[in-house]
Structures are given as C-alpha cells and as structure tokens.
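> Below: sequence and its predicted model.
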Amino acid sequence: MKRIFLGIALIGLVMAAAAQRVVSPNGKLMVETKGNGLVVSYNNQQVLDIPAVGYEGSQVVPQLKETSQIKADYWMLSGKRLHCTNTANEYRASLGEGVQMVVRLYNDGLAFRYELSGLKDTKLPKEQTAYRIPEGTKRWMQQWTDSYESFFPLTTTYKITPIPSFSGISKSADGYNIRWGYPSLLEPVKDVFALISEADIGRRQSASCLYNDGELYRVVPDANNLAVSDEWHSPWRVVIIGRLSDIVESTLITDVSEPCRLTDTSWIHPGVVSWVYWAYNHGSNDYNIIKKYVDMAATLHLPYVLIDAEWDTMKDGKTVVDAVNYANEQGVRPLIWYNSSVGWVDGAPTPKYRLNKPEDREKEFAWCEKIGVAGVKVDFFSGDNQMNMDYCIELLECAARHHLLINFHGATIPRGWQRTYPNLLSTEGVYGAEWYNNVGTFTNKAAAHNATLPFTRNVIGPMDYTPCAFSDSQHPHITSHAHELALTVLFESGLQHLADRPESFLAQPQEVQDFLGQLPSVWDETRLLSGYPGEYVVMARRSGTIWYIAGINGSDDNKDIPLNIKGLTSNTQYQTFFDSGDSAKPWNIRMLQTSKMPSTITCQPRGGFVVVAR
C-alpha cells in the first residue's frame, strides 16, 4: 500500500495539468478542477469549494475523463416518490496506482467516491476530502451525536458552543463544536442551496461525519479496523444542489445506492402505527394498556401497533404472545421492540442480547414470524463505525428472510438502505416528539425545528419523528392542533407512528379520525410549494389521484403563508383542516370548492393547516 501512495505523491510533483470543466446533463451544474480539489457551480455561481480530495499522500490534480451517462430508473416501495428517475454524466480520474475517483454530475447534485484496488491485508488510508464553508455562509448543521438527535439551528459561523448530549461532545481548544452530522444544509448564494450527506454504505465500510478546523470541514469516516484485501470503495459523498424545491424533492441518496436485493417484496406494506411510548413510557409491559392501543388502531383503521420496550417483563401473567394474538385477532398487525445491545445496555430496557449472534438472530426472527409479528424496531446502536454498519445490514437481511419489517432507532441516519433493503421502512435519527417525554427543551423549539426538518433530515430518507400529539406528554407542547396534524403529511416515513394516547385521538372530530385512518405512508409524488428553513413550509404529496397539502408556521408570530395550488390538481373538492384560534374548540374543518380556496392562509403562531384535494 505504501508503494501506491508514494506513486501518488511522485505524480503530484511532476504534474501541472490545466483546470477542467465538466457539466451535468442539463448544464446547470459545473465542476472545475482546482489545485488538489474541485469547485462546484450552479447556473455559473460558485456554490461549493472542495479544496481536497483523495487520500493522505495524494497531491494529484484530478483529471476527469468522461466514461458514460448514468441513468437511474427504479421503483421504491416507500418514500417521497415511488417512481424515481435521474441522469448523470460520469467522470473518472486516476489518483495514482490502484486509486480511482468516480465523479457523477446529476441534474440535482454531485456524487463522488473512491475505488481502491490491489490492497493486500492493509488498513484503509486516511481520507482527505474536505469542504470549505466560509464564515458568513448561512448553514443549518447538527452537532453530531451517535443517535442524530439534535437541532439544526441557523447560523453563519463555525463558532458554536456544543450542547451536552448522550454521546458526549467534540470541541476545539477554544470551546467550539467541531464534529457535525449529516445532512448539512448551506445557502452559499441567495436562494441557492447545497445539502451535504453520503449514501450507499456497504459491508466493510463505516459511515462518516464532518470535523471542522475553522472554515474547513473534513470528511472523517468512523472507526474501521478491518484489514482489507483486493478491492474496496468508499461510500458516495453526496451534495444535493439547487433551489429549495430541488433539495426537498431530490432522490439522489437512493439514486446512487445499490438496487433492491430482495427477490420477493410482496410482503412489505408501509402503514400508520399506534404507539404506546409517548404517553406511558413503560406501557408495553402492561397488557391492558397495549389492548387500548390495539383497539384504537382497529377503530381508526390503522394497520399496525407497536409493542415497545419491556414486553418481555409483562405484568399480570400475560406475555407478548398474548398481546400479539390479541392484535392479530383485531386485524391489527403487531411490531415489537428489541435492544440492539451494542449501544446503551447497562440500565437500558429489555429484551437484550437476542440479536447479536447470527444463530440467536435467526432463532428470534423465526419466532417472530411464527407468532405473527410483522416487524421489529431495533434500538440503541453505538454510532457509525464499521461494526454497526455491518450489524445493521445483517439485521436487514435476516429480517427479510423472515418477512419482517425494520425500524432502526437510536441509530444512524438513512444512507440509501431503504432502496437496497426496502423492508427498512423507517429510521429515527431525528430529534422527534418522544423528547416531550424526556426533557423540557423541546417545547419552545419544536415549531421552528419542525419547519427545518423537511429541508434537512427528511430529505435523505424516512424519518420516524412520531408526529401528531394533541395532548401533552411529560412536558407540554405549544404547537396547534392543525400544526400537529400537518406533520403527518410533512414528515415522510414508511411506518408513521402516531404519538398521542387513544383517549386523545378518539376525542377528535370524526373528520380528523377519518383523516388518520386514510392517511397514506407511501407517496407517488412530492412537491415543495413554498417555505424557508425554520420559518414555514408548505408541501404537497400525492397518493393516487388525491393530493395532501400541508403547511406549518415555525415562528411565534402570526404569518401569512401562500397556498399556491393552482395547476397542482384538477380535483374540485377540498377538505380543509385549519386552526380556529379557540383553545376550547381548536378545529375549523370545512369542505370547499376550488373557487372558495384561499390563496393565502394566516397561520397563528406555531399553527398549521392540511388540505385534502379529492
């Protein structure tokens, strides 16, 4: 391996190539080689400087040679769009003996990775990829935690004091946070955005994050102690670029990911889930409480119920098999929870150590399939290292063999597995509504946070935020009823867990109950109609011929929000869910014709709305 990287350095000493320019198929994106890196422009405006690429020891100016045009055309079983298409111009550059850089310029972004060959039982070299984010650039970046549960505050500087988290903090000598999670949203030019992430994590790979030294943000893969032989490639480094609508509607993360590896997917059915934890915390060890959530799901016609942690310590002589049987008898398919037993173990809820060994995992998932469990929620992983990534893949593959859906919690963010393993219907990786159960921090920040997530975290894949709470958990919420209902449309998740307690849902107007019972968790099409991160958002999602339009106000003031649905649909019947402004009677629900639909909605502070066009 030393010979390879010595070759890279020597080439760098004698090579002084002229800058190159390559473009995307639609001509909007351009990449120019500069020094040892790349500069990316959108409509002739520079949006991103990547001053270093390659690996330690590399001093080569990349010389990009076009190889082919890449066409993505595939179907998803869940997500923001079922039929996904994209095209890219692919270029390759030799960075020395045994090292290739592959660059793809899509119409909505850039993806690149490194391909190594001729490895002989050696540790992987240190990656050099870095992004320069100048001071003054607007950015929405999340302090890294192993569970990706933090806010995306708007700032224009790297000088951010870290917030204590469960997984600790990483800070510079002068006290600033230096470790950042994906995705990271930038506005380098007014009304032009870049979202940095990665995709297509495979075996023998770790996920990465960003470490900054001032304005320079380096891509740093997590621990990978494998000695690698023969060939290896990195995950794709991905930057989605364009207008906010380009960011929100992009499928670039799955476009570059491996195609579906399952031969039979007929058993995979996304859906809405009733969920016990938000209200009761330890409710899944109480058979009678589980029954309440099953009954609610049956009443609202929800397909699933989640039996959360501690089901193995059920009270009053009942067992999880009794709960599973009861759910199936009511026509509600049960999901059950497991501790991954690699992250939070001591003092953590049970069941533990049932999935770690391959033979135990096969036995456990075979048992789940036998008793009628539809899927599993696996929780409390320990970060982005290679061990965790391989473990997640093994869980996905074993679950698929036993026709089990998967929901990862306390885990890394989606990086394209939802295409490769479509039984992965959701992933937490978000600071979501369960935090009303844990601390009081969420109450005052939730509205702005909710109006940021459609532009950041949810762009890259399903997000198990667990939305829609009309009552309070241990800590109150101050978002409106219509705001909470809107989250079920704004937030995409193949398993959409509803947070509130049965008594609250069943006390809502029949129109709200019917809405939840008919709520899709799979979308044919997604469009951003308007919005700005942290301020407000209006999105439209289509299921068949029905459009669901939802909007929220992320601010603490009244806000006039445009509702521009002209040309969106030919449907003429609109069911509208607005806030009334009356805390005693919070709903304003009406049926309107096209001519009566307002073009602007005045949203109350932290308010929202939903429109269903049939």
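Yep, it's here. Numbering: from 1, shown residues only.

> Do you have the helices of this protein handy? List them.
All helices of the chain, identified by DSSP state H, fall at 2-14, 244-249, 252-255, 277-280, 287-300, 320-329, 358-371, 386-401, 417-420, 442-450, 481-490, 502-506, 510-518.

> contacting residues around stretch 559-569?
Stretch 559-569 is contacted from outside by 527, 529-530, 535-536, 538, 540, 547, 549, 551, 553, 597-603, 609, 611, 613, using C-beta atoms under 8 Å, 6 or more residues apart in numbering. No exception for glycine: its C-beta is placed from N, CA and C like everyone else's.

> so of the residues you listed, which ones are in strands?
527, 529-530, 536, 538, 540, 547, 549, 551, 553, 600-603, 609, 611, 613 (DSSP state E).

> Is it possible to mark the buried ones in the contacts of stretch 559-569?
527, 529, 535-536, 538, 540, 547, 549, 551, 553, 597, 601, 603, 609, 611, 613 (16 or more other C-beta atoms under 10 Å).

> so where's this protein uncertain?
Applying pLDDT under 70 to the chain flags the ranges 1-18, 58-61.

> Spatially central residue in it, please.
Closest residue to the average C-alpha location of the chain: Gly461 at 3.7 Å, with C-alpha atoms, centre = their mean.

> can you tell me which residues contact that residue?
Here Gly461 is in contact with Gly79, Ile253, Thr254, Ile413, Pro414, Arg415, Gly416, Gln418, Thr427 (C-beta under 8 Å, 6+ apart).

> now the end-to-end length of stretch 491-500.
16 Å (C-alpha to C-alpha, to the nearest Å).

> So for stretch 529-538, first residue to last residue, what's the gap.
5 Å.

> do stretch 430-447 as well
14 Å.

> which residues are contacting it?
For stretch 430-447, using C-beta under 8 Å, 6+ apart, the contacting residues are 148-151, 277-278, 281, 449, 453, 457-458, 463-467, 469, 472-479, 483, 499, 552-556, 605-606.

> In strands, which of those fall?
Ile552, Asn553.

> From the contacts of stretch 430-447, list the buried ones, please.
For these, buried by 16+ other C-beta under 10 Å: 148-151, 277-278, 281, 449, 453, 457-458, 463-467, 469, 472-473, 477, 479, 483, 499, 552-555, 605-606.

> re earlier: what is the nearest of the buried ones among the contacts of stretch 559-569 to Trp587?
Distance to Trp587, by C-beta to C-beta, is smallest for Phe609 among the buried ones among the contacts of stretch 559-569, at 11.0 Å.

> Quickly list what that closest one is bridged to.
Here Phe609 sits in beta bridges with Gly551, Phe578, as judged by DSSP bridges.

> Please apply the same query to Val538.
Assigned bridge partners for Val538, using DSSP bridges, are Ser530, Gly551.

> show me what contacts it?
Val538 touches Leu528, Leu529, Ser530, Gly531, Ile549, Ala550, Gly551, Ile561, Pro562, Leu563, counting by C-beta under 8 Å, 6+ apart.

> Take those residues and write them to CSV, including distance to Asn177.
Formatted as CSV, the contacts of Val538 follow (distance: C-beta to C-beta, whole Å):
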residue, distance to Asn177
Leu528, 29
Leu529, 34
Ser530, 31
Gly531, 27
Ile549, 37
Ala550, 33
Gly551, 32
Ile561, 33
Pro562, 36
Leu563, 38
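
> gap between the residue nearest to the centre of the chain and Thr427?
Using C-beta to C-beta, to the nearest Å, we find Gly461 at a distance of 7 Å from Thr427.

> Touching both of these two, which residues are there?
Ile413, Pro414.

> Could I get the full set of strands for the stretch 101-250 of the chain?
Here the stretch 101-250 of the chain has its strands, by DSSP state E, counting those that start in this stretch, at 109-122, 130-132, 138-143, 154-155, 179-189, 192-199, 208-213, 216-221, 228-233, 236-242.

> Kindly reformat those as CSV containing mean neighbour count and distance to Ile589.
Below are these laid out as CSV (neighbours: other C-beta atoms under 10 Å; distance: least, C-beta to C-beta, whole Å):
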stretch, mean neighbour count, distance to Ile589
strand 109-122, 19, 40
strand 130-132, 21, 47
strand 138-143, 23, 33
strand 154-155, 15, 34
strand 179-189, 22, 34
strand 192-199, 25, 35
strand 208-213, 19, 44
strand 216-221, 19, 47
strand 228-233, 14, 53
strand 236-242, 26, 36
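
> Tell me which of the ones you listed approaches Glu90 most closely.
Of the strands of the stretch 101-250 of the chain, nearest to Glu90 by C-beta to C-beta is strand 109-122, at 9.4 Å.

> Can I get that closest one in PDB, CA atoms only?
Output in PDB follows, covering the C-alpha atoms of strand 109-122 (Å, rounded to 0.1, in the frame of the first residue of the first chain):
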ATOM      1  CA  GLY A 109     -26.300  17.400  -7.400                       C
ATOM      2  CA  LEU A 110     -22.900  15.800  -7.200                       C
ATOM      3  CA  ALA A 111     -21.800  12.400  -6.100                       C
ATOM      4  CA  PHE A 112     -18.300  11.100  -5.900                       C
ATOM      5  CA  ARG A 113     -16.400   8.100  -4.400                       C
ATOM      6  CA  TYR A 114     -13.000   6.500  -4.300                       C
ATOM      7  CA  GLU A 115     -12.200   3.000  -5.700                       C
ATOM      8  CA  LEU A 116      -9.100   1.200  -4.400                       C
ATOM      9  CA  SER A 117      -7.600  -2.000  -5.900                       C
ATOM     10  CA  GLY A 118      -4.600  -4.100  -5.200                       C
ATOM     11  CA  LEU A 119      -5.000  -4.000  -1.400                       C
ATOM     12  CA  LYS A 120      -3.100  -6.600   0.500                       C
ATOM     13  CA  ASP A 121      -4.400  -7.100   4.000                       C
ATOM     14  CA  THR A 122      -3.900  -3.400   4.900                       C
END
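
> Pairing partners for it, with directions?
strand 99-106 (antiparallel), strand 228-233 (antiparallel), strand 236-242 (antiparallel).

> where's it relative to the chain centroid, distance-wise?
25 Å (C-alpha atoms, centre = their mean, to the nearest Å).
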